Structure formats: structure tokens, C-alpha cells
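In: just the structure for this:
(chains A and B)
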2 protein chains.
Amino acid sequence: MNDLFRMSAVQADSTAPCALHDQNRTQDPSESRSRLSDTHRRWLLLVNSRGFGPVKLALAAEMIQKGLVLPGNAFQSCGQATALSPAECARVRRCMTGSEVADTLTAETIEVVSSWLDSAADHSLMTLLDHDYPPLLKQLKNPPPVLYLKGERDLLAFPQIAIVGSRRASRQGLHVAKAFAKELSAHGFIVTSGLALGIDTAAHQGSADTRTIAVLGCGTDVFYPPANKPLQMAIAHNGLLVSEFLPGTQPAPHHFPKRNRIIAGLCLGTLVVEAGVRSGSLHTALAALDLGREVMAIPGSIYSTESRGCHSLIKQGAALVETARDIVQRLAGAFETYRVLHGLEHQPDWVETASAGSNSLTHEGMDQQVLNALSAPKDLDELVADTGLDVSELMQTLLSLELDDVVIQDGGRYQRTEFQLK
Amino acid sequence: MNDLFRMSAVQADSTAPCALHDQNRTQDPSESRSRLSDTHRRWLLLVNSRGFGPVKLALAAEMIQKGLVLPGNAFQSCGQATALSPAECARVRRCMTGSEVADTLTAETIEVVSSWLDSAADHSLMTLLDHDYPPLLKQLKNPPPVLYLKGERDLLAFPQIAIVGSRRASRQGLHVAKAFAKELSAHGFIVTSGLALGIDTAAHQGSADTRTIAVLGCGTDVFYPPANKPLQMAIAHNGLLVSEFLPGTQPAPHHFPKRNRIIAGLCLGTLVVEAGVRSGSLHTALAALDLGREVMAIPGSIYSTESRGCHSLIKQGAALVETARDIVQRLAGAFETYRVLHGLEHQPDWVETASAGSNSLTHEGMDQQVLNALSAPKDLDELVADTGLDVSELMQTLLSLELDDVVIQDGGRYQRTEFQLK
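Out: Model (predicted):
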């Protein structure tokens, strides 16, 4: 058993390479032909235990990673460390130490996973116990205890932005989703979405080389929606498919809110391009708000039903965005969280570009800057060029200077009243 | 002289009927044939004095209304009461006591005003000294010292909303301006705008019976823009034309920012329907922001240049509005200021309607309300009907209940997990 406890400690150190699997394999030759590690096998046993939902499993994972599954005074330590009942602590210990026996159904489930895992080199399992489980995702109240992955697992370590929206999107909405995805992936973001028809599809298609993450409401081996089979295959090849549902699971309506919370959890921010007032993408946005992530929405006509959801989000405090640059600027702050959670030392270029763009002068500073620029009468174009302020900052400054009788506008040209009076 | 000082005192009492004019008329029979009162005549003399701009005139008006134009120790009192220099205080006293002699130019100006005033019964003069000068307008840093009015002067006492926007408006923009003006005037608001082509014109046209206020960048007797002559005449007849420019003054580019600040100053809130990034209507909005008034904007496509200005305002904190009801709700709070400034005791019906609409439950309250409604599985429609919550409140509540594993959605129907597990 001691090996397992040492591993628990190792997993807590997020810089360790995925030591878990290897050590298990050396430890237990009888299973060397299966890629399903002992720890994962035992975790699946716990996950399938009656009465263990995502919330309790998150507590159990914490407990295991803290090495609290010790035989001796485990009961007591558990009681102190988690909100699990003594009975539940004992259950966790039995499962993770291999002393719990799987019932037939659970045993079959585990075999399904094991053979799925062995059926393709690009299949992998990610659990709450793994050191590369995305820290942002772990911030969910109910993080998925197991994720089934097909494709490039490492994409989960990149900063992600969710681009989601309505299935019944307008042509313009599809264009916006595609164009923003293209620009944001060029900025180094991975675009994450739900592979639904409409906005989601356009967002995946817009991502450079379909290097994008699709979170599914069915097993990764089930093609849904059928029309997106080619796209789903392309993403599996160049990007990553993510699902918390067992291989072979068919889509079901109640899967999608769960899928949406994963999209929100993975991403620094969520952009809603178009959404009716009941669009599922509002679930994603509200889950993101709930996590304190950036939520952004594209405005549209007040007569377009597909913009209602976006407008309602903006009224609730979501940021109105018009350009990909708006988004990069808003996420520059959020990236700091990401950097810390991932223990990165440097910031990528886009953060600095964005921060630079978002610098703004104090009001007094702008007054002086504009007055200096007005050594001679100038129009708005010239002032924009000379001060580097954006038009709205500039107009607000000019207005307050006019109200103070310091500047006067005449025929679209601004001048300092002191000069004008001379 | 004493009469004048008593009058100054009287003017300070804003409940007094326009005592000023009457008393002057009885006092000075030689001018009984002109409607231009002594006080107004003297005020115009001060207004035309070299070195007295709007800011100093506002101080002078305050001083006069406080009765600080006493002959004796006036100098001292002035010094204490205002930021005017002793010399300026003396000038104010000389003008308002009739001991200052007008130069030829000023005398001519005053005659122009006097004959304009006498030329039509619906012409009137409003100065900072008058008890019915709009209190909201007085909150400007540089309130207009004199307003030339043509039409129903009393409209200035009604709660006003500014509807402004681009001259080059889209067909949809024009429709929105007209529809919102119609609905808001039905709610008891007076719609105030600038009589410009495009959005302004549509806003005036939408106002019921053209009972609307147009603030001009030229004299009230000058028709500008020419295409709006019929509209301008209709407003003079059913509504009110307002200008701070002398009768006969032609429009000039630098008049419009001044005109815009008056629109912002008169209104509880300003709605921008469509505006390019350089639209003059942004001046109005920014002046309103500067006064702490409600600024609202209509969203549009991110590809429409005429929505750029609105989006930039929303990014700066202006409220995104989709319906006239949104506006009425936002202004319900602002009306309290208006009520106090105007010494009204009651609130009009629309305020109560609006406040009622804007009531919102606490998060816990909503959770409980939704759980109660879920005595049986229900879809979103049924829940909206049963809880009376709006869709976005409802979805946020349902989402947090789902995340807490209390509620589950299945095929678009929501149910309490406790029931589902039984």
C-alpha cells in the first residue's frame, strides 16, 4: 500500500510528471497490458459507488491527495479534513486501497473504460487525482470526477476562451463566431465550445487548424450532432474531444447543462455571440459568472430574438464586446489567475500587448495632454493622432474643457479660448 | 430700489408666482407697454457686460437671489458669498440697480429682445433669476443665463427625457426613435431633442401631438434645418422651442455643443438611439454623464458604424436598453431627484408602475420560490408563469440549484432531485 500513499503525495505536487500511471504499472505487472492504472481503476470504483456525487468525490479527491487514506487513524483525520461522514471516509479508504469489491455492474463499467482506453493511442482518462487536471475546472462546485479524452490531452493546459451561442444563429452571427475564433486562436488562445450546430460549429471551424476543444454531451466515440461527424473527427485529430460521459453514452437533454458547466469551468472567459432568452449558452455564461470568470456578449438589433440573450447578459454585467481586441484586453487581467494556478513565470506576449492597450491616463492627465496638443486649432482626427487617446476619451475631455470655457469648438475645429480671445 | 431687493427675496421663494414682472410693471409705468421687465432688462445688461461668462453669471444670479445687492456693505457680503471679485460685485450691483449705462451695442441688443418679446404672445424670456428656471438645468457648470422661449413655457416643468442620435440614421434607428418617443410621451414624459435631421426629427415626430421640446442652435425665429420648417412650426404651436441664442441668430457649428449641454441639463435621462463615434449626440450623452444623469443607449450590429457610439457609451457604463419599459424603470429612481427639486409631494403613476416592475427578490428568496413551484416537473414557460420571475433570473436560479444537485433538467423539464430519486 505504501506506494499508493507516496503517489498521493506525488500527485499533490503539480510539477511532477504523470508519475501515477508508471508507478502503478511497475507495481502491478498483472495489469501491464491494460493502460488503465490501479489508481484510476480504484477511482472508477469509488465514482460508481452509490451516494457519491461530484461534490463528495471532490472532497474524496482532496482527502486522497492529502494522503489521508492512512489505515490507522484514518477515521479521525478524515473527520477533521473533510465534510465526508466517517462511513464515507471508510468507503473511500476501502476503494482506494483495493479492499472494496466491485459489484457486477461496476466491474463491467470499468471494463468498458479499460477497453476503450486500450482501443486507441489518443484515448486518455483524466481524473480529479491527476496532476494535470485543469485547475480552473477544479474551481467548479461539482467538478467532473472523470473526463474521457480523445486527442491532444495537453491542449487542456493552454489558456482557453469559450465561444458559444444559439443553434439557430443568423448568418452574421456565424460570421462573427468564425472571425473571432480565428483571431483569438491566432492570439494563442484555444477556443473551447460544445460542437452544437450554429455558433459552436462556426467557433470550432474558425479555430486555426481546428486546434480546438469540443466538450460533448455524449461519449467521445458517439457522433453528435450527426451533421458534425466530419468536424468531430477533425477535432479529434488536430484538437481535443472532452466528455464526462462513459464511452458509448448517447446524448440526452439533461447532459447539456452539465456539458456547459465544463466549458465555463475550463475557460478564462466566455463569449456569447448570439443567444435567445432560453438558449443553453446562457447556462454556460451564467456558470461562468458564478465562477467569477469574464463573461462577454456581442450586441445586436433590439428586434432580433437571437440577440435577446446577449442583451440580457450585458444588462446583468457581462461586457459588451465589438472586436477580438476587446476580448484580449478584458482577459489580460484574468490571465494572471491562470498564470498563478499553472505556476507559470512568464506572461505571453498578448497579455503585454493587451495591457499596454488598456492603459489609461487620469482625467487631469488627459486635460493637459489635450491642451498641449491644442497649441493650434485642430479637428478630432488631428487630436486623435496627436494625443493617442481614443475618440470617446478625447470627446469626454474636450467636453469638460468646453464646459470650463477653456476650449471652444468652431466648425469642427477645437481651440483654446485664451488663444481665441487674443 | 428697495422694491427690487424685496423682489430678489421673493424670487428666492420658488413657490411665488412670477411676482417679479408684475411688481416691476406697477413700479415703472413708463415701460408698461413693453413686456420686458426692468429686472430682465437689467439682467440682459449684465449678461452683455464684457468679462461675464455663464459661470460668473450663475454666481451673480445666486448673489442677487440672496439679496446681496444691497448698496451699503454690498462689497463685503459679495466677497463672502461668491467667487466674484470686488470689482465684479460692484458691476453686478450697478447693473441690477439701474445705475450702469448700456453702451450702444448692448442697448440695441436689449431692444431686439424687447421687440421680439412683444412681437408674439407665445414668446417669453427665462433667466437664471426666474423662479421657474428648471432646477435640473441650473445644475450645469455653466447654465444658460438667458433662454428665449417660443411656445408652452410650462412644458419645462414636466419630467423630460432626451432622445438624440445621428443625422445619418438607419431606417430601423428612425423607427426606434419614433416608437420610443411615442411610448414615453404616453407615460407622461416630455421628449426633448435638438430638431436635427435623423433621430432627433423622428423623436419629435413620435411625441404625442408634437407636445415636445426642441432646443435650437439658432434663434427660435430662424428655421433650421430648413427641411424641418413645418415640424419646427408644429412644435412652436403644440410644444416648446428653446434657445439661448438671440432672436435672429443663425446656426453655427460651435452652437451645437452648447445646445447639446442644455438638452442634457433639462432631462432626467438621455437615450442615444444611433450614433457614430463622432456624433454630436455623444456630447449630449457625456454632458448627461457629467451631471450624473441616466445615460441609455440602444445596441446594434457590431458592423454598423451608426451603433459604434452607442456601444462605446455602454462600455463606459451607459445602460443598454431594449424597450421603453427599461427606460421607465431606470428613471424611476432619477425621478426622486426631480420630485425634490420641484418640491412635488406625489409621485406620478409611472414611477410606481416602474418601481413595482423593478422589485427583485433576494437570491435565497428566488431559490425557495422556484423549489416551491417545482412541486411537479415543469418547463421554463410554466416556471415563468408560476414564479413571475423573468427568464434570466429564473435561469440563474435554476442553474445554481442544478449545480447544488437540488434540481435536475431532463428533456427541458426541471424537477427536484429528491423527487426524482424516489
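In: check the burial of the closest residue to chain B within the stretch 51-200 of chain A by counting its neighbours.
Out: Proximity to chain B, evaluated over the stretch 51-200 of chain A using CB to the nearest CB, is greatest for residue A:141 at 5.0 Å. Bear in mind the C-beta positions are built from the backbone N, C-alpha and C, glycine included. Here the neighbour count serves as a burial measure; for residue A:141 (other CB atoms under 10 Å in any protein chain shown) it reads 16.
In: quick check: which element contains it?
Out: Element membership for residue A:141, per DSSP states H and E: none, as it lies in no helix or strand.
In: surely it meets residue A:59?
Out: No. In terms of CB atoms under 8 Å, residue A:141 does not count as a neighbour of residue A:59; the distance is 11.6 Å.
In: kindly confirm my reading that residue A:242 is in a helix.
Out: No. Assignment of residue A:242 by DSSP: H, G, I helix; E, B strand; the rest coil gives strand, placing it outside any helix.
In: need the contact list for the closest residue to it other than its chain neighbours.
Out: Excluding its sequence neighbours, the residue lying closest to residue A:242 (CB to CB, 6 or more residues apart in numbering or on different chains) is residue A:215, at 4.7 Å. By CB atoms under 8 Å, 6 or more residues apart in numbering or on different chains, residue A:215 lies in contact with A:192-195, A:242-243, A:259, A:262-263, A:266.
In: where in chain A is pLDDT low?
Out: Low-confidence segments of chain A, defined by pLDDT under 70, span residues A:1-32, A:69-82, A:347-365, A:403-405, A:418-422.
In: please parse it into its domains.
Out: Chain A breaks down by automatic domain parsing into domains covering A:17-130, A:154-354, A:363-419.
In: can you tell if the shortest one touches chain B?
Out: Okay, so that is domain A:363-419. Yes. Judged by CB under 8 Å from any CB of the partner chain, domain A:363-419 comes into contact with chain B through A:380, A:391-392, A:395-396, A:399-400, A:402-405, A:408-412.
In: so which of these are in helices?
Out: Of the positions in the residues of domain A:363-419 next to chain B, A:380, A:391-392, A:395-396, A:399-400, A:402-403 sit in helices, assigned by DSSP state H.
In: out of these, what pair is the most spread apart?
Out: Distance extremes for these: the farthest pair is A:391 and A:403 at 18.4 Å, using CB to CB.
In: helix/strand/coil for residue A:224?
Out: Classification of residue A:224 using three-state DSSP returns coil.
In: that one contacts residue A:251, correct?
Out: Yes. A contact is recorded between residue A:224 and residue A:251 when judged using CB under 8 Å, the distance being 4.7 Å.
In: ChimeraX command for the buried members of the ones in helices among the residues of domain A:363-419 next to chain B?
Out: Per 16 or more other CB atoms under 10 Å in any protein chain shown, the buried members of those correspond to this ChimeraX selection:
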select /A:380,391,392,395,396,399,400,402,403
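In: which member of the ones in helices among the residues of domain A:363-419 next to chain B is positioned nearest residue A:366?
Out: residue A:396 (8.1 Å).
In: touching, that closest one and residue B:285? I think so.
Out: No. Using CB under 8 Å as the test, residue A:396 is too far from residue B:285 to be in contact (9.7 Å).
In: next up, the contacts around residue A:407.
Out: For residue A:407, the set of contacting residues under the criterion of CB under 8 Å, 6+ apart consists of A:370-371, A:374, A:398, A:401, A:414-417.
In: narrow those to those that are buried.
Out: Members of the contacts of residue A:407 that pass the buried threshold by neighbour count (16+ other CB under 10 Å) are listed as A:370, A:374, A:398, A:401, A:414-416.
In: strands - which of those land there?
Out: Among these, the ones falling in strands (DSSP state E) are A:414-416.
In: for chain A, which residue gets nearest to chain B?
Out: With distances taken as CB to the nearest CB, chain A approaches chain B most closely at residue A:299, which sits 3.5 Å away.
In: report how many residues lie close to that residue.
Out: 25.
In: same check on residue A:159?
Out: Each residue near residue A:159 was counted by other CB under 10 Å, and the total is 22.
In: hang on, isn't it packed against residue A:189?
Out: Yes. With contacts counted by CB under 8 Å, residue A:159 reaches residue A:189, the gap being 5.8 Å.
In: so what secondary structure elements neighbour the helix or strand encompassing residue A:90?
Out: Using DSSP H and E, residue A:90 maps to helix A:86-96. Contact here means 3 or more CB pairs under 8 Å, 6 or more residues apart in numbering or on different chains; DSSP states H and E; on that basis helix A:86-96 packs against helix A:38-47, helix A:54-65, helix A:74-81.
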